[in-house]
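Asks: Build the 3D model from these lines:
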Amino acid sequence: MSSKNPTDGPARGPDQEPRQGFSRRTFIEGVGIGAGAVGAIGTAQPARADTHEPVGPDPVAITLNINGKSHELKVEPRVTLIDALRNRLDLTGAKKVCDRATCGACTVMVDGDPVYSCTMLAIEAQGRRIETIEGISTEDSMHPVQAQFVEHDAQQCGFCTPGLVMAGKAIVDSNPQPTMADVESGLSGNICRCGTYVGVRKAVYDAARA
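Replies: The predicted model follows:
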């Protein structure tokens with residue numbers, strides 16, 4: 001009696017073509033490709049393959065352009081932008097909360113686009129223009145988005161506020177006349193656990209017209 005498992009399918013000789021269809025190998029390969037595609041979607045920009053030579057694992061010297069100033073620091077290649085900002089440069093406005101690109105509290109601007117800084121390596125950000133909450137206002141004047149946050153009482157605990165302000169600034173910069181639907185869509189990647197969404201949306205909407 002044959003010991004062959006009936007789920008194994010017909011046996012193949014060495015000169016036969018492989019079976020067509022789904023196998024465990026193709027499933028695993030497909031999962032790997034799909035995971036890579038998901039990682040590339042979202043606010044973080046994909047790494048540019050021609051930008052860096054392979055480095056690490058030891059710390060390497062990098063230069064980051066943040067709020068118009070150059071900052072030289074040494075980091076391991078695995079260090080994310082949010083950790084470099086908070087732990088190495090004492091720029092603590094952006095908050096590290098979920099650390100998986102779901103809450104938006106770590107939002108900064110990179111080359112004019114809103115980016116979850118927990119998803120970008122610090123070494124990837126070299127040669128790019130980084131803007132954080134610390135750089136959009138002065139001691140004498142607030143950014144219009146910040147001013148409208150105050151006007152509409154759009155913050156409670158304030159922990160998520162820097163990320164929401166940066167996301168709002170990205171909307172205002174790219175669309176001077178957004179509709180409320182545009183504002184809602186642009187803020188959809190940021191979570192406010194206090195639930196001040198109505199005030200936040202009004203603040204960004206009015207800031208665009210200020």
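Asks: use CA for all of it now, contacts and neighbours both
Replies: Will do.
Asks: Any regions of this structure where pLDDT drops low?
Replies: When residues are selected by pLDDT under 70, those of the chain lie in 1-52.
Asks: and the closest residue in space to G112 that isn't next to it in sequence, how many neighbours?
Replies: Among residues not flanking G112 along the chain, A170 sits closest, at 7.2 Å (CA to CA, 6 or more residues apart in numbering). Look at A170: counted by other CA atoms under 10 Å, it has 20 neighbours.
Asks: In contact with A170, which residues?
Replies: Contact partners of A170, counting by CA atoms under 8 Å, 6 or more residues apart in numbering, are M109, G112, D113, P114.
Asks: Can you select the buried ones from those residues in PyMOL?
Replies: This is how PyMOL selects the buried members of these, with burial counted by 16 or more other CA atoms under 10 Å:
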select buried, resi 109+113+114
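Asks: Which of the contacts of A170 fall within strands?
Replies: M109, D113, P114 (DSSP state E).
Asks: And those, which is closest to K69?
Replies: M109 (14.5 Å; CA to CA).
Asks: got the contact list for the closest one?
Replies: Contacts of M109 (CA under 8 Å, 6+ apart): V115, R129, I130, E131, T132, M166, A170.
Asks: could you measure the residue nearest to the spatial centre of the chain against V75, distance?
Replies: The centroid of the chain falls nearest to Y116 when counting by CA atoms, centre = their mean (2.1 Å). Computed as CA to CA, to the nearest Å, the Y116 to V75 distance reads 19 Å.
Asks: and A181, helix, strand or coil?
Replies: helix (DSSP: H, G, I helix; E, B strand; the rest coil).
Asks: Could you give the number of residues near it?
Replies: Neighbours of A181 (other CA under 10 Å): 11.
Asks: What separation do you get for it and F149?
Replies: In terms of CA to CA, A181 sits 18 Å off from F149.
Asks: rewinding a little: what's the most distant pair in the contacts of A170?
Replies: G112 and P114 (6.8 Å).
Asks: can you give me the strands for this protein?
Replies: 60-66, 69-75, 107-110, 113-116, 129-131.
Asks: and L85, which of those is closest to it?
Replies: Short answer: strand 60-66, nearest of those by CA to CA, at 9.2 Å.
Asks: The closest one pairs with which strands, parallel or anti?
Replies: Sheet pairing for strand 60-66, assigned by DSSP bridges, gives strand 69-75 (antiparallel), strand 129-131 (parallel).
Asks: quick one: which of these is nearest A84?
Replies: That would be, of the strands paired with strand 60-66 and by CA to CA, strand 69-75, which comes in at 7.7 Å.
Asks: pretty sure D206 is in contact with Q148, am I right?
Replies: Yes: using CA atoms under 8 Å, D206 is in contact with Q148, at 6.9 Å.
Asks: and G168, how many neighbours does it have?
Replies: 25.
Asks: quick one, domains of the protein?
Replies: 60-135, 144-209 (automatic domain parsing).
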